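[1] I would like the atomic coordinates for the input below:
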Amino acid sequence: MARIALKVDVDTLRGTREGVPALLSMLSAVQADATFLFSLGPDHTGWALRRVFRPGFLKKVSRTSVVANYGLRTLMNGVLLPGPDIGRKAAAEMRAAAAAGHECGIHTWDHVYWQDNVRGRDAAWTRRQMQQAFDRYTEIFGAPPPTHGAAGWQMNDEAFRQIDAWGMAYASDGRGTGPYIPTVDGQPCRHVQMPTTLPTLDELIGVDDLTEENVHAHVLQLTEGSRDHVFTLHTEIEGGKLAPVFRRLLAGWRAQGHELVSMGTFYRAIDVGTLPQMPVMWGEIAGRSGELILQP
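    Residues are numbered from 1 along each chain as shown. Sure, this is the predicted structure:
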């Protein structure tokens with residue numbers, strides 16, 4: 001039986017307060033497990049508007065309803081409104097995910113700040129951002145985080161080293177085809193990377209006649225057979241406007257016979273000794289603007 005690891009990125013205060021409870025209900029209805037990765041510091045979503053000059057950004061925005069997915073108030077955070085502290089204001093919703101039996105981990109401290117800056121920042125900046133998230137997670141959950149999934153699939157060498165320093169056995173920080181051991185400066189890391197293997201819904205809708213009505217069928221075609229996958233969803237999207245699409249996906253995956261699992265469950269099924277070692281690299285993904293971490 002093939003596994004689909006459900007990796008839930010939680011980017012904003014609205015996504016934590018509204019999207020997390022919605023997704024918990026949907027997952028419970030089909031007895032599915034998932035990994036919730038939380039943004040734990042300030043919500044500066046409005047800063048993302050500076051990406052307007054990035055190649056492909058306007059094209060992507062034109063295909064997806066940004067205001068409908070994120071809400072006008074969220075898009076003002078950090079611009080016309082101060083960025084609210086997600087970990088302070090929505091700790092109860094975070095703990096609810098753990099109480100429902102789902103794995104929880106770190107997404108980031110400040111989502112937009114990390115996504116737009118980490119590639120060019122030094123070791124001290126990187127460690128400071130990551131440790132803030134680690135400390136806040138531990139404060140909220142009373143235990144250290146078991147895993148990490150980078151905001152926007154953006155990392156640097158020191159970020160991979162920090163995952164090792166924390167003693168995490170696995171993470172999902174990039175895109176690719178299957179689990180591997182990342183290497184940094186020619187040296188293998190001590191953790192397993194389990195990259196997102198499937199396209200996200202917002203990358204697909206509006207391309208090749210795919211719509212909210214039929215995009216689930218396209219994704220289900222990609223998951224036919226016995227291969228394992230990692231699917232990334234967002235509380236702001238699948239826990240909001242695209243909730244009907246995600247319900248159809250969950251039902252379809254169950255009909256295909258897949259196990260719907262957390263990243264931790266997926267990791268424990270991997271024969272780590274057989275995994276290839278691969279260098280960290282950057283590249284583009286269809287339907288998404290800018291470069292991100294890719295498996296070679």
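[2] and A34, backbone torsions?
    Backbone torsions for A34, taken as degrees, to the nearest 10, come to phi -150, psi 170.
[3] Could you measure from D116 over to H44?
    Separation of D116 from H44 (Cβ to Cβ, to the nearest Å): 10 Å. Placement of C-beta: from N, CA and C, glycine included.
[4] Out of the helices and strands in this structure, which is least certain?
    The helix or strand of the chain with the poorest confidence is helix 57-63; it has a mean of 43 (mean pLDDT, DSSP states H and E).
[5] Pull the number of nearby residues for P195.
    22 (other Cβ atoms under 10 Å).
[6] Quick one: residues contacting the nearest residue in space to it that is not next to it in sequence.
    Spatially, and ignoring its direct neighbours in sequence, P195 is nearest to G176 (3.4 Å; Cβ to Cβ, 6 or more residues apart in numbering). Residues near G176 by Cβ atoms under 8 Å, 6 or more residues apart in numbering: Q193, P195, T196, T197, L294, Q295.
[7] what about 7 Å?
    P195, T197, L294, Q295 (Cβ atoms under 7 Å, 6 or more residues apart in numbering).
[8] Got phi/psi on it?
    phi 180, psi -150.
[9] What are the boundaries of the helices in this protein?
    With DSSP state H, the ranges of helices along the chain come out as 13-14, 20-29, 57-63, 66-70, 72-76, 86-89, 91-99, 111-117, 123-141, 157-166, 201-204, 215-222, 243-256, 263-268.
[10] What residues of the last one count as buried?
    For helix 263-268, burial by neighbour count (16 or more other Cβ atoms under 10 Å) applies to M263, G264, F266, Y267.
[11] Now do the contacts for the residue nearest to A286 when sequence neighbours are not counted.
    Counting by Cβ to Cβ, 6+ apart, E203 is the residue found nearest to A286 once chain neighbours are left out, at 6.7 Å. Residues near E203 by Cβ under 7 Å, 6+ apart: I285, A286, G287, R288.
[12] what about the last one, neighbour count?
    Residues lying near R288 (other Cβ under 10 Å) number 18.
[13] for the first one, same thing?
    Residue crowding around I285 was assessed by other Cβ under 10 Å; the count is 17.
[14] Any stretches of the stretch 51-200 of the chain with poor pLDDT?
    51-82 (pLDDT under 70).
[15] let's see it at 80
    Along the stretch 51-200 of the chain, segments meeting pLDDT under 80 span 51-83.
[16] The top strand by length along the chain pairs with which strands, parallel or anti?
    When the chain is parsed with DSSP state E, its longest strand is strand 3-10. Using DSSP bridges, the strands paired with strand 3-10 are strand 35-39 (parallel), strand 229-234 (parallel), strand 259-261 (parallel).
[17] okay, now the residue nearest to F266 when sequence neighbours are not counted: neighbour count?
    Using Cβ to Cβ, 6+ apart and skipping the chain neighbours, the partner closest in space to F266 is A5 (4.0 Å). A5 is flanked by 27 other residues according to other Cβ under 10 Å.
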